[in-house]
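Trainee: quick one: sequence and predicted model below, then my questions.
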Amino acid sequence: MRIAIGVTLALCLGGVAFGALGPRYGGDLAVGVLDLPASPEPSVPRGMGERLVAGLIHETLVGIGTDGVPVPALARGWKTAVGGREWTLQLREGATFHDDRPLAGADVVRSLRRFLRSPSVAGTHLADELEGGAAFRARTSEELPGLAAPEAGQIVIRLDQPRPLPLAPLAALAAAITGPSGEGCGPFVPTLSVPGKRAAFTAFGGHVRGRAYLDSLQLLGFSDPQALRGEFQAGKLDVAPGPGGPSALAATVLLVLDTAQPPFSRGEARAAVAAAIDRGDLVANFLPGGDPSPSLLVPSLLPSLGLEEPAAAGTLSGTLSMLVSRDVPPLVSQRVVAYLGTIGLQVTVAAASPAAVSASSGGARLMMWSPEVAEAGLALEELAALAGADPTVRETLSLAGRETDLDRRRGVLHRAEAALRSTRALLPLAAAPVAFSQRRGIHDLAVGPGGRLLLDDAWIEP
Amino acid sequence: MKATLRNRLLVAFILVVVPPLVILALTATTLVSRGFEEDGAQRLSSGLRVAQNRIEALRGRAAEQVRAVAHDDLAAVLPREEGDRSLAESIAARRDLQALEIVDGRGRVVSSSHWPAGVGLPDRDAVFPGDDALRLEQVADGYGVAERLALMPSLPADWRGGRVTVRGGPFLDASFTAELSSLMGVDVALRDGVRGRWIAEAASPLSQWSNVQLGGDATRGDVQIGGATFLWAAAPLRRGVPLWVVVATPRTPLDRVVSRVLRLTLGIGAVALLGALVAAAALSGRIARPIRKLSEGARRVAAGDFDSAVAVGPDDEIGDLGRAFNSMTAELARSRDRLLQAERVAAWREMARRLAHELKNPLFPIQLSIETLRRAHAEGREFDGLFRESSDTILEELRSLRKIIDEFSEFARMPQPVLEPTDLNAVVEQTLALYQAQANGCRVEAALGQDLPTLAADRVLLGRAIGNLIANALEAMPGGGALRVRTSRRPGGLCVEVEDTGPGLTEEQRTRLFTPYFTTKKGGTGLGLSIVQGIVTDHGGRIEVRSEPGQGTTFTLILPLAAS
């Protein structure tokens, strides 16, 4: 008996001790995702898979910290001058691309010029703030006096006026720094790509923060969340979306109503929809780990003040087509359909990739939305673009873009959020957790701001 | 088509073979069709009954399960911290119920196995009119909801101090109808008469049937779906409920069998037709050949070849006919020989009689003259004058005898014609010129055809024949008249017509016209026309005569262009 107890204790302690030895190099990870990008070029990622791939291949000049403030990435630091209008970023020494070519200022300038003209909201925001940026983005001029690389390892950004968090847009994955032929400098090098189905990566030994622990990664794309879940439960995947692993309240379950067409061109109709949805019930029964607070942004971006103008109940009739992003939990989507049924709407649902849902319009769209940049102001600008132009919202956001005092700015952002929410073109149903299941023996997976799965520091017990 | 023996036999064979085949095919097709249709109707009726019974059996089983849930399972359920949302799912799995729902007194869904997203919300499922157990349930489907027909008997129950309704049962959906179809071997579907839609798997042909008209009690019929014909039968699930059970089976197997029967019949018919053709050809040849030979033999006989005989066939009627023909031919030949002999004898007798008559005529005056001279010499009468007169008479009669003998000799020694290309008009003209002087007041008219081809003829003999005819015509008109000579073309030859306006001939005279020594003239030898006939026959032609008493006579020589 004593021997048995002793052996058991030894095994348990051994396992703990073994794990406690810390990260080690090696191993191959198979990750299941619902969407794989067709191209590795930097763009605005819309789904979990796109964000993951972009983060594996590319690096940006800055990141966003947990408080929404930019933190160094490829830029190891920066200083400001001219009353906050000029920002000089120092590039990290020894940073190279996947083809071992050293990172140069010209690469940064080229990449940022591309970013300023991309569909990215963050790019638009930066272009509006840079000297000559608006004309450059409008393609009325090729000159961009607000962006320069005067010296090796330095980037100078000049703003039209002092701006709050002017470097935040540089954290967008669309602003990733690439080589002349599109090479990234992220922690993993792509080795295989079967568009939509499979992508393989190996660790990049020349990464600025050092080689990742994992030797290689396999990303497998699925169009059916149940099939993905089945593969994980069958042991064919190491990581898959689901509970039990790293998680972060990083997405908003968002119902987008098309205000350009009936029935949602009428405010009363949008109000009836808003009134029909019980966020508390939705979170409590169908979205474990969620937050029913009435805010367009997750609490980590902009803590909710809990203020909500109750919507007037109403009834509608007829049929409604709703496009649902595949990363929305099916039960949540069904519950939304049930809510809409209580006010007389017969809903026909079509599922699509997150990118397709973001790009479409008409009827209603249900998506798991995470901002391009985990910064409240940029996130609200992105939502404002999604909802369509509203003068009050734009004016408030413009005000926030000029307020350099971060505390006052937060108040302005609250007003902007409330104004945007009051249009009821965007109905936040809940703050949702972005969670992943992992098999035993995998450590240090994390979910970053914006809901991206971080594998940089992940390791596998041998 | 010519009515030959072969064709008649062929038609007979066809009539004997084909109609029975057609009747057989039609009968077989009708019997097979009827059998299939009866079998199909039986299968459909049986299928309807089975489907209805199955559904009722499911209803009964579901009612029992619901009773068990309401009375036993609910009572045993312990309250859980997370609530009862998954309760229905777990009970349904245990009770093997496809659908299970628990609804509270306010009509809100407490738990649902098939629509968990509807828990806590008002129950919005539609009830089928006429049957509370038939419900259009909302069912989770991907990211949304679908509507499926379910058979869910309900039962009230007391649970946790409140009144609830428990309902559960199977789905009557496409999977259900597919299962029934597979079991019964016919297509099964449900027709929702309220919404006008089919509950059937997508591959079922019934799901493509539009313009459906169902009403009243059980009905049946056939319908065209997607280019194929289906036999169908339908009956309401329950009286008064607008939900129909429809079963259908394709007519394809029947059509295939009918098509095979028809193809087989056509094939056999074609073979029979071919066989009939061959048999007709063979049999008709077997029958017709001896008859044809008989016919050819008869023609030969008719042409005068009495020595021909036909091959005698087998010992049947045709053989008997052949033997009879040969016997007849032999008899004809003997008769001909006897007749020829008799004719020869008769001709000799006639010739001898005629010769005797002709010879006797000049011999009597000779004899008389000599007797007169002897008497005169004996009596011492004047002798010189008498001698001269009697010698003149004797010499005259001797000349007449000489002429008779010359003609006889000429008739006997008629030469063979030497054929050469001859201009018929030239011969006629030359001959007419010879007899112009003997016209004796008769009008001579020549109407000679133009562009007549030459014919193979002996100019001399032909001229003699035409001359004889002209002479006879002139002699028949001693008081004057008209002599017309015409030449013309006939198919395969030329013809010469010699026409006079004399007294004409009686019928008896016409029949004996070409007999040697028959004459209607005083002093004629009667050999002239025989000579003409002989010459014409030697040229391969023939002679015709037309005459009526008082209407003149026309002799027509028909001569071939080439001697046969």
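Mentor: Good, I have the coordinates.
Trainee: helix or strand: which one has residue B:190?
Mentor: strand B:187-192 (DSSP states H and E).
Trainee: which secondary structure elements does that strand sit against?
Mentor: helix B:174-184, strand B:197-199, strand B:243-250 (3 or more CB pairs under 8 Å, 6 or more residues apart in numbering or on different chains; DSSP states H and E). All C-beta atoms are positioned from the backbone trio N, CA, C, and that covers glycine.
Trainee: could you dump those into a markdown table with mean pLDDT, mean neighbour count and distance to residue A:89 added?
Mentor: Converted to a markdown table, the helices and strands packed on strand B:187-192 look like this (pLDDT from 0 to 100; neighbours: other CB atoms under 10 Å in any protein chain shown; distance: least, CB to CB, whole Å):
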| stretch | mean pLDDT | mean neighbour count | distance to residue A:89 |
| --- | --- | --- | --- |
| helix B:174-184 | 91 | 18 | 63 |
| strand B:197-199 | 91 | 19 | 65 |
| strand B:243-250 | 91 | 24 | 73 |
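Trainee: pLDDT of the longest strand seen in chain A, averaged?
Mentor: Secondary structure of chain A per DSSP state E: the longest strand is strand A:426-438. Strand A:426-438 carries an average pLDDT of 94.
Trainee: among the helices and strands packed on strand B:187-192, which comes closest to residue B:438?
Mentor: strand B:243-250 (106.7 Å; CB to CB).
Trainee: by how many degrees do that closest one and helix B:174-184 diverge?
Mentor: 50 degrees (axes from the mean of the first three to the mean of the last three CA atoms, to 10 degrees).
Trainee: please pull up the helix or strand immediately following strand B:243-250.
Mentor: Counting by DSSP H and E, what follows strand B:243-250 is helix B:252-302.
Trainee: show me which residues of the stretch 51-200 of chain A sit near chain B.
Mentor: Counting by CB under 8 Å from any CB of the partner chain, no position of the stretch 51-200 of chain A is adjacent to chain B.
Trainee: can you show me the strands along the stretch 51-200 of chain A?
Mentor: A:62-64, A:70-72, A:75-81, A:86-91, A:147-148, A:154-158, A:188-194, A:198-203 (DSSP state E, counting those that start in this stretch).
Trainee: which of the ones you listed is buried the deepest?
Mentor: strand A:62-64 (a mean of 22; mean count of other CB atoms under 10 Å in any protein chain shown).
Trainee: ok, residue 378 - how many residues close by?
Mentor: Going with chain A. 28 (other CB atoms under 10 Å in any protein chain shown).
Trainee: chain B is the one I meant
Mentor: Neighbour number of residue B:378 under other CB under 10 Å is 8.
Trainee: now do the phi/psi pair for the residue of the stretch 51-200 of chain A found nearest chain B.
Mentor: Residue nearest to chain B within the stretch 51-200 of chain A: residue A:196 (19.3 Å; CB to the nearest CB). Main-chain dihedrals, residue A:196, degrees, to the nearest 10: phi 80, psi -10.
Trainee: which residues touch it?
Mentor: Counting by CB atoms under 8 Å, 6 or more residues apart in numbering or on different chains, residue A:196 makes contact with A:36, A:38, A:221.
Trainee: could you find the closest non-adjacent residue to residue A:125?
Mentor: Distances taken as CB to CB, 6 or more residues apart in numbering or on different chains place residue A:169 nearest to residue A:125, at 5.4 Å, with adjacent residues excluded.
Trainee: if I look at that neighbour, how far off is residue A:218?
Mentor: Relative to residue A:218, residue A:169 is positioned 32 Å away (CB to CB, to the nearest Å).
Trainee: more neighbours: which of these two?
Mentor: residue A:169 (32 against 16).
Trainee: next to chain A, which bits of the stretch 1-150 of chain B? Give me the list.
Mentor: B:83, B:85, B:115-122, B:124, B:138, B:140, B:142-145.
Trainee: can you list which of these are found in helices?
Mentor: Among the residues of the stretch 1-150 of chain B next to chain A, DSSP state H puts none in helices.
Trainee: which of those are buried?
Mentor: B:85, B:115-121, B:124, B:138, B:140, B:142-145 (16 or more other CB atoms under 10 Å in any protein chain shown).
Trainee: confirm that residue A:264 sits in a strand.
Mentor: No. Secondary structure of residue A:264 (DSSP: H, G, I helix; E, B strand; the rest coil): coil, not part of a strand.
Trainee: so what's it closest to, chain neighbours aside?
Mentor: residue A:257 (4.0 Å).
Trainee: tilt between the strand holding residue B:190 and helix B:174-184?
Mentor: Using the same axes, to 10 degrees: strand B:187-192 against helix B:174-184 is 140 degrees.
Trainee: distance between strand B:187-192 and the chain's centre?
Mentor: Centroid separation for strand B:187-192 versus its chain: 54 Å, with CA atoms, centre = their mean, to the nearest Å.
Trainee: how about stretch A:375-385?
Mentor: 12 Å.
Trainee: would you mark the buried spots in it?
Mentor: Buried, per 16+ other CB under 10 Å, within stretch A:375-385: A:375, A:376, A:377, A:378, A:379, A:380, A:381, A:382, A:383, A:384.
Trainee: using CSV, list the CA coordinates for it.
Mentor: Provided in CSV are the C-alpha atoms of stretch A:375-385 (Å, rounded to 0.1, in the frame of the first residue of the first chain):
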residue,chain,number,x,y,z
GLU,A,375,-7.6,50.5,-29.4
ALA,A,376,-11.0,52.0,-28.6
GLY,A,377,-10.8,55.0,-30.9
LEU,A,378,-9.8,53.0,-33.9
ALA,A,379,-12.2,50.3,-33.0
LEU,A,380,-15.1,52.8,-32.9
GLU,A,381,-14.0,54.2,-36.2
GLU,A,382,-14.1,50.8,-37.7
LEU,A,383,-17.6,50.2,-36.3
ALA,A,384,-18.7,53.6,-37.6
ALA,A,385,-17.6,52.6,-41.0
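Trainee: check contacts around residue B:262.
Mentor: Here residue B:262 is in contact with B:25, B:29 (CB under 8 Å, 6+ apart).
Trainee: near chain B at all, the longest strand of chain A?
Mentor: No. Judged by CB under 8 Å from any CB, strand A:426-438 makes no contact with chain B; its nearest approach is 13.3 Å.
Trainee: which neighbouring elements make contact with that strand?
Mentor: strand A:239-241, strand A:247-257, helix A:267-276, helix A:279-286, helix A:330-342, helix A:376-387, strand A:446-447.
Trainee: please dump those into TSV; it should also carry mean pLDDT for every row.
Mentor: Formatted as TSV, the helices and strands packed on strand A:426-438 follow (pLDDT from 0 to 100):
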stretch	mean pLDDT
strand A:239-241	94
strand A:247-257	94
helix A:267-276	93
helix A:279-286	92
helix A:330-342	95
helix A:376-387	94
strand A:446-447	92
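Trainee: make JSON lines from the ones you listed and add distance to residue B:271 to it.
Mentor: Output for those, formatted as JSON lines (distance: least, CB to CB, whole Å):
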{"stretch": "strand A:239-241", "distance to residue B:271": "72"}
{"stretch": "strand A:247-257", "distance to residue B:271": "77"}
{"stretch": "helix A:267-276", "distance to residue B:271": "79"}
{"stretch": "helix A:279-286", "distance to residue B:271": "77"}
{"stretch": "helix A:330-342", "distance to residue B:271": "69"}
{"stretch": "helix A:376-387", "distance to residue B:271": "81"}
{"stretch": "strand A:446-447", "distance to residue B:271": "84"}
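Trainee: relative to residue B:466, which of the ones you listed is closest?
Mentor: Nearest of the helices and strands packed on strand A:426-438 (CB to CB): helix A:330-342, 126.8 Å.
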